[in-house]
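Participant: build me a model from this:
(chains A, B, C and D)
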There are 2 protein chains.
Amino acid sequence: MGLQAISANSLPAYKDEHLVFDFAGKAVVLDGARMMLTHKEYELLALLVQHAGEIIPRGALLLRIWGYSSEIRTRTLDVHIRRLRKKLGAYAERYIETIFGIGYRFQPYRAQQFFQATAAEPIALGA
Amino acid sequence: MGLQAISANSLPAYKDEHLVFDFAGKAVVLDGARMMLTHKEYELLALLVQHAGEIIPRGALLLRIWGYSSEIRTRTLDVHIRRLRKKLGAYAERYIETIFGIGYRFQPYRAQQFFQATAAEPIALGA
DNA sequence: GCCCCATTTTACAAAAGTTTTACAGAACCG
DNA sequence: CGGTTCTGTAAAACTTTTGTAAAATGGGGC
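Facilitator: Model (predicted):
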């Protein structure tokens, strides 16, 4: 029965102490409870997690997820980031960093203890 | 005696605390009472039950049961889902989940206790 | 033809999701 | 500091999707 139940572009799942991100099953589990994410929220978080540790510029996020070419001024991205942070609960700030003037970065749970960050160096990332 | 040879698509019957789905006999029993389903209702529920736990996109349902190729806008599926839910009575929402923007999913009776169910759930998936 | 009944369509209401607006607040720069 | 730019946030506005009732359609049997 080729019912094609929800296609799966399989990447190795991301996993740390609190968060399990199953790209194949498009399921995210936080501390054992399934995170209920909308499409856009899922896509946004997935993109960040796939590039864990890297800074992703606002422009890149807006392009990849919204198809917006640069030079569109909108708060949409921020609103979605906010909702993700809300759903990430206590770990919100730890997982999703704001890189002022550049974009955002998903940080694996443990990673932050090694770099006691003052802030973030504006590491460039190709759009 | 069994002149009724085991029909070709005899799948093992689905069964849980309240619902018994006998594919071979095309009979559905809910809390001991036979559910009277029309042909389309039966096909729809059967397809969902056969893939219990999986999300089945609207497009797949419309294709498999109605032969509709995509890009036909119709509320027929929704109407049938509604009638099924009505006949499922109190268990309706528990058995048939709506996955917003994607499709529907039949959930075995017990399964939901693992994921705390607040309400209808928008599990996100890429489109 | 007429009736019955399953099914589909129509039309609108309700719900869920997304974007925009408006402004507060934080970070940067001189 | 004072000005400027950028981000956070809540709430409103908007869009899309689903739910629902009711009417229309269509096929079989009488």
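Participant: so which bits of chain A are right by DNA strand C?
Facilitator: A:38-41, A:66, A:74-76, A:79-80, A:100-101, A:119 (Cβ under 7 Å from any atom of the strand). (Each C-beta comes from the backbone N, C-alpha and C, glycine too.)
Participant: let me see the mean pLDDT of the helix or strand where A:F21 lies.
Facilitator: Using DSSP states H and E, A:F21 maps to strand A:19-22. Here strand A:19-22 scores 94 as its mean pLDDT.
Participant: mind giving me the packing neighbours of that strand?
Facilitator: strand A:14-15, strand A:27-30, helix A:39-50 (3 or more Cβ pairs under 8 Å, 6 or more residues apart in numbering or on different chains; DSSP states H and E).
Participant: A:A52: what's it in contact with?
Facilitator: A:14, A:106-108 (Cβ atoms under 8 Å, 6 or more residues apart in numbering or on different chains).
Participant: most widely separated two among those?
Facilitator: Farthest pair in these (Cβ to Cβ) is A:Y14 and A:Q107. Separation: 11.9 Å.
Participant: so A:G59 touches A:S70, yeah?
Facilitator: Yes: look at A:G59 against A:S70 with Cβ atoms under 8 Å: they come within range, at 5.0 Å.
Participant: neighbour count: those two, which is higher?
Facilitator: For A:G59 versus A:S70, the count of surrounding residues by other Cβ atoms under 10 Å in any protein chain shown is larger for A:G59: 18 against 11.
Participant: do the strand or helix carrying that one and chain B meet?
Facilitator: Using DSSP H and E, A:G59 falls within helix A:58-61. No: for helix A:58-61, no contact with chain B is found by Cβ under 8 Å from any Cβ of the partner chain; the gap never falls below 15.4 Å.
Participant: picking up where we left off before, between the contacts of A:A52, identify the one with the most neighbours.
Facilitator: Most surrounded of these: other Cβ under 10 Å gives A:F106, at 25 neighbours.
Participant: can you lay out the helices and strands packed on strand A:19-22 as CSV showing distance to B:D22 and mean pLDDT?
Facilitator: Below are those laid out as CSV (distance: least, Cβ to Cβ, whole Å; pLDDT from 0 to 100):
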stretch, distance to B:D22, mean pLDDT
strand A:14-15, 41, 93
strand A:27-30, 31, 93
helix A:39-50, 37, 96
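Participant: among these, which is nearest B:V49?
Facilitator: Of the helices and strands packed on strand A:19-22, the one closest to B:V49 (Cβ to Cβ) turns out to be strand A:27-30, at 21.7 Å.
Participant: who touches A:V49 in this structure?
Facilitator: Neighbouring residues of A:V49 by Cβ under 8 Å, 6+ apart: A:14, A:21, A:106.
Participant: count of neighbours near the second one?
Facilitator: By the criterion of other Cβ under 10 Å, A:F21 has 25 neighbours.
Participant: tell me the bridge partners for it.
Facilitator: Per DSSP bridges, the residues bridged to A:F21 are A:Y14, A:V28.
Participant: my read: it touches A:L48, true?
Facilitator: No: if you go by Cβ under 8 Å, A:F21 and A:L48 don't touch, sitting 10.0 Å apart.
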